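A.B. asks: just to be clear, the model below is a prediction. Sequence and coordinates:
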Amino acid sequence: VQTGGRSAGWALGRARNLAVAMFGARPIRAAAAARVALSAAACCFALTEAYLSDKIYWTSFNDGAIMRANLADGSEVEKVTSTPDSHPWGLAIDSARCMMYWADYGAGAIKRAHLDGSGVMDFVKIDSLDIDAVSVWRSAAEDMLYWTTRNSRVLRTPLSGDGSTIQELMTWESGYFGADRFGLAVDASVTPTRVYVADHYDYSISRADWGTDKEDERWVVDPDDIYEPRALDIDTVDRKLYWVDEGFRQIRRVSMDAAGASLPVETVVSTGMKVPLTVTLDNHARRLYYSEMGTMDGSHRIVQADLGGSVGWAISLSGSPKPTGLALMNSTETNAAVCFTTTSTTSVTKSTTSSITVTASTSTTSSSTKTSTATPTSTTQVSTKTLTSTSSIATSTSTATTKTETSTSTRSTTMSTSTA
């Protein structure tokens with residue numbers, strides 16, 4: 001039994017919790033339960049070590065892989081799962097369920113798996129008319145998974161369900177292939193829930209309220225503020241929206257409460273940046289993480305920085321994996337959920353193709369505050385519709401030593417009609 005350097009009392013407590021998970025709240029003595037759990041721990045307790053520290057996960061679009069490393073310093077780079085001919089794009093993690101979700105570009109599906117890479121399956125099959133899912137977002141407050149598609153649709157499904165109940169937010173761009181909505185963020189702290197999308201080739205960020213007749217708004221549109229936005233994330237403390245701008249090769253942010261034609265857009269990371277692909281924030285530690293790729297030298301990196309843009313560590317990735325999605329795993333939640341499975345020993349492999357470098361900050365922070373002078377106009381009605389998609393879904397059952405995936409239901413397709 002590995003205790004990760006912790007005390008025997010800690011190990012006994014963990015063993016007691018493990019016994020409860022294995023045998024339920026039966027009237028047996030705690031010491032006996034601990035002994036039973038400790039005797040069984042050789043098969044699975046050590047595997048929880050992977051979840052004793054926070055992790056950063058990322059997608060390797062060109063390699064068809066999901067990777068991870070320690071969040072604190074970028075060490076212990078591992079390949080979690082890999083699927084031939086797969087192109088994972090956006091990524092979201094549900095630490096409390098020990099699950100990750102990603103948009104598999106080209107496969108017509110949003111896939112899910114345990115955090116150790118086991119149990120890979122289709123969670124949502126994408127309507128053939130939508131081509132592919134791109135960005136995904138987990139709304140913890142609503143227990144919903146949101147995603148965008150290449151033809152600019154915005155959809156969601158309950159994480160507690162089987163992926164068959166799908167709702168859509170109708171916007172001005174819905175069904176349009178020219179915008180490429182590479183970025184998505186959801187603010188469920190306001191009522192109604194507000195959805196932000198990055199329209200990469202429409203050179204703007206739009207926002208809309210879910211479930212209302214209020215028109216969606218092309219919000220960040222000034223060409224001095226935005227060029228080619230990709231990924232989005234939210235600073236829940238300061239209520240700011242962050243985005244990576246591929247055209248400017250910068251990371252920028254703006255107050256989510258700002259309105260008008262002139263917005264207080266700030267530049268967070270600029271100097272020396274390669275082509276940025278995605279960004280995610282650790283709101284508790286007040287740090288940001290982003291990925292970038294070099295078009296000339298072919299270098300790809302995962303970078304940690306503070307909210308002023310000063311770099312902490314960087315992971316240099318060999319080859320050209322194109323890390324398009326980032327997500328953070330919260331070890332407090334995974335340990336409370338007792339995330340372990342006997343398949344971890346074979347599904348997680350150490351990577352020997354990445355190197356860790358510590359880079360001094362060369363970034364600069366600048367900000368410009370403008371005076372609001374007008375209210376943006378919007379052009380279409382927002383409504384929602386409910387539909388069902390076609391796929392088979394599996395229900396995961398867990399014990400202390402095994403996790404089994406069994407197919408339990410088949411869904412048929414029905415679609416309600418809706419007009420924007």
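C.D. replies: That came in fine, so what should we check first?

A.B. asks: remind me which residues of the protein are low pLDDT?
C.D. replies: 1-51, 128-130, 178-179, 295-296, 298, 340-420 (pLDDT under 70).

A.B. asks: give me that answer again for 50
C.D. replies: In the predicted model of the chain, residues 1-48, 341-347, 349, 351-356, 358-420 satisfy pLDDT under 50.

A.B. asks: break down it into its helices, ranges please.
C.D. replies: With helices called from DSSP state H, the chain shows them at 8-23, 30-44, 331-336, 344-347.

A.B. asks: please identify the buried residues of stretch 203-216?
C.D. replies: Residues 203-210, 215-216 are the ones in stretch 203-216 that count as buried (16 or more other Cβ atoms under 10 Å). For glycine as for every other residue, the C-beta is placed from the backbone atoms N, C-alpha and C.

A.B. asks: okay, among these, which ones form the most distant pair?
C.D. replies: Farthest pair in those (Cβ to Cβ) is Tyr203 and Trp210. Separation: 24.1 Å.

A.B. asks: tell me the buried residues in stretch 253-269?
C.D. replies: 253-256, 258, 262-269.

A.B. asks: strands along the stretch 101-250 of the chain, start to end?
C.D. replies: Taking DSSP state E, counting those that start in this stretch as the criterion, the stretch 101-250 of the chain carries its strands at 109-114, 121-125, 133-139, 144-149, 154-158, 165-169, 181-187, 194-199, 204-209, 217-220, 229-235, 240-245, 250-255.

A.B. asks: could you export these as JSON lines, including distance to Asp85?
C.D. replies: Below are the strands of the stretch 101-250 of the chain laid out as JSON lines (distance: least, Cβ to Cβ, whole Å):
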{"stretch": "strand 109-114", "distance to Asp85": "13"}
{"stretch": "strand 121-125", "distance to Asp85": "15"}
{"stretch": "strand 133-139", "distance to Asp85": "16"}
{"stretch": "strand 144-149", "distance to Asp85": "20"}
{"stretch": "strand 154-158", "distance to Asp85": "24"}
{"stretch": "strand 165-169", "distance to Asp85": "25"}
{"stretch": "strand 181-187", "distance to Asp85": "22"}
{"stretch": "strand 194-199", "distance to Asp85": "27"}
{"stretch": "strand 204-209", "distance to Asp85": "33"}
{"stretch": "strand 217-220", "distance to Asp85": "36"}
{"stretch": "strand 229-235", "distance to Asp85": "24"}
{"stretch": "strand 240-245", "distance to Asp85": "27"}
{"stretch": "strand 250-255", "distance to Asp85": "32"}
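
A.B. asks: how many neighbouring residues does the spatially closest residue to Val275 that is not a sequence neighbour have?
C.D. replies: Using Cβ to Cβ, 6 or more residues apart in numbering and skipping the chain neighbours, the partner closest in space to Val275 is Met293 (5.3 Å). Residues lying near Met293 (other Cβ atoms under 10 Å) number 21.

A.B. asks: ok so, going back, distance to Tyr242 added to the buried residues of stretch 253-269, as JSON lines?
C.D. replies: Shown next, in JSON lines, are the buried residues of stretch 253-269 (distance: Cβ to Cβ, whole Å):
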{"residue": "Arg253", "distance to Tyr242": "5"}
{"residue": "Val254", "distance to Tyr242": "9"}
{"residue": "Ser255", "distance to Tyr242": "11"}
{"residue": "Met256", "distance to Tyr242": "10"}
{"residue": "Ala258", "distance to Tyr242": "14"}
{"residue": "Ser262", "distance to Tyr242": "19"}
{"residue": "Leu263", "distance to Tyr242": "14"}
{"residue": "Pro264", "distance to Tyr242": "14"}
{"residue": "Val265", "distance to Tyr242": "11"}
{"residue": "Glu266", "distance to Tyr242": "10"}
{"residue": "Thr267", "distance to Tyr242": "11"}
{"residue": "Val268", "distance to Tyr242": "7"}
{"residue": "Val269", "distance to Tyr242": "10"}
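
A.B. asks: in strands, which of these fall?
C.D. replies: 253-255, 266-269 (DSSP state E).

A.B. asks: farthest pair in these?
C.D. replies: Ser255 and Val269 (18.0 Å).

A.B. asks: and the residue nearest to Gly294 when sequence neighbours are not counted, how far from His300?
C.D. replies: Once flanking residues are discounted, Gly294 sits nearest to Lys274: 4.6 Å by Cβ to Cβ, 6+ apart. Computed with Cβ to Cβ, to the nearest Å, the distance linking Lys274 and His300 is 8 Å.
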